[in-house]
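Asks: Prediction below, plus the sequence it came from.
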Amino acid sequence: MKEKMTPHIITAGAFIVLVVLGACATFSVSQNKTVGDFTYKITASGAEKTATVIGYVGAGGAAEIPASVEDIPVTAIGKDAFDKSVKLTSLSIPASVIIIADSIDKAEDAFDGATGLTSITVDEANTVYSSANGVLFNKEKTKLLLCPEGKSGNYAVPSSVTNIVASAFGSCAGLTSVTIPDSVTSIGELAFGNCTGLTSIIIPGSVKSIEGSTRNNRVYGVFSGCTGLKTVTIPDSVTSIGDTAFYECTGLTSITIPNSVTSIGRAAFADCASLTSISIPNSVTYIGPNAFAACVKLTSVKVSPVNGRKWDVIVEGQRLGIFADSPLLDNASKTALKNAGYSEE
């Protein structure tokens, strides 16, 4: 058996080299540097160096990320790099950047709170990302990755898009309408979260589920926090409405759930303070806890008995009534709910 040798650490400038039994392995090291409008993390691995944008220090307005800084290629934009950069209005991304916020589907993590940003432009030579009308896509424009938070007015999603990723339009408070084409089959969690200026939305017939979840007491519904949303068209293709999908859509006055829907998730319509009536079709066999909780103006619920329907009101031993804190339900609705197997007890 070979004797276990103690490694010897040799430092040389910015590099740390580990030598064991004559074999060399080079460790990656990094340092932060501010040049021009940006702060970079310079990472060295052997003779190779790359730069990641980790912060914006410019005065605002239009900014352009260089392809290299001090002859080091800029290959990435880090998570939170433009966090709350409210004075930044437009950003140009070079062909050299191939990673944004660690993952192609997580671009929003780099721009959260950049409320003044209205446009993102990507160099046409970029092999991973692309842009159109100031919006960020993957190269093929099949995934809509990020609409800048400062974009306003009406927006039409290109017909090449099949996937609107999670948080893609998150906190775009100035958007008043978004047209979604039939090419889109998937809309991720929080895709339109907190789009407070959005007044109506038509979900195309190509979409099968309206996503949403709750994790660590946080809400991830597709339309959660869309306080200005008054009307929603749900197509017959949709079979499930996820947890918190329309949570806190306080402007929503009515909604039609099509006969294709089989499940309504936890707190799906909770805190919809303007909702006055709801009709639950026979196709729905599962309704999650707090689904219509705190709908303080809800007076009418139309529902009929369905064999095997589950009214889920218990979570971790705690009772979370589906219509908890919805005090205005009329007697006819209470009778219909009781006959359909729902109990507030």
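Replies: Looks like it arrived, so ask away. Residues are numbered from 1 along each chain as shown.
Asks: Can you give me every residue that contacts the closest residue to residue 126 other than its chain neighbours?
Replies: Excluding the flanking residues, the one nearest residue 126 by CB to CB, 6 or more residues apart in numbering is residue 95, at 4.4 Å. For every residue, glycine as well, the C-beta is placed using N, CA and C. Residue 95 makes contacts with 67, 123, 124, 125, 126, 127, as judged by CB atoms under 8 Å, 6 or more residues apart in numbering.
Asks: List the buried residues in stretch 274-282.
Replies: The neighbour-count check on stretch 274-282 (16 or more other CB atoms under 10 Å) flags 274, 275, 278, 280, 281 as buried.
Asks: Would you mind writing the CA trace of that stretch as CSV?
Replies: C-alpha atoms of stretch 274-282 as CSV (Å, rounded to 0.1, in the frame of the first residue of the first chain):
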residue,chain,number,x,y,z
SER,A,274,-64.2,41.1,-5.9
LEU,A,275,-65.3,37.7,-6.9
THR,A,276,-69.1,37.4,-6.5
SER,A,277,-70.1,34.1,-8.1
ILE,A,278,-68.5,30.8,-9.1
SER,A,279,-69.8,27.8,-11.0
ILE,A,280,-68.0,24.5,-10.3
PRO,A,281,-68.6,22.0,-13.2
ASN,A,282,-69.2,18.3,-12.6
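Asks: Now do that stretch: distance to the chain's middle.
Replies: 27 Å (CA atoms, centre = their mean, to the nearest Å).
Asks: go on, stretch 264-278?
Replies: 21 Å.
Asks: Rounded mean pLDDT for that stretch, please.
Replies: Mean per-residue pLDDT for stretch 264-278: 96.
Asks: thinking again about what came up before, for the contacts of residue 95, give me CSV that also has neighbour count and distance to residue 102.
Replies: Output for the contacts of residue 95, formatted as CSV (neighbours: other CB atoms under 10 Å; distance: CB to CB, whole Å):
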residue, neighbour count, distance to residue 102
67, 16, 20
123, 17, 21
124, 8, 24
125, 9, 23
126, 16, 17
127, 9, 18
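Asks: on that earlier part again, going by distance to residue 260, which of the buried residues of stretch 274-282 wins?
Replies: residue 281 (8.5 Å; CB to CB).
Asks: can you put the contacts of residue 95 in TSV and add distance to residue 79 and pLDDT?
Replies: Shown next, in TSV, are the contacts of residue 95 (distance: CB to CB, whole Å; pLDDT from 0 to 100):
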residue	distance to residue 79	pLDDT
67	21	98
123	22	98
124	26	98
125	25	98
126	19	98
127	21	98
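Asks: Which member of those is positioned nearest residue 325?
Replies: Of the contacts of residue 95, the one sitting nearest to residue 325 (CB to CB) turns out to be residue 126, at 50.0 Å.
Asks: what about that closest one, distance to residue 106?
Replies: 17 Å (CB to CB, to the nearest Å).
Asks: just residue 285 next, same as before
Replies: Relative to residue 106, and taking CB to CB, residue 285 is found at 35 Å.
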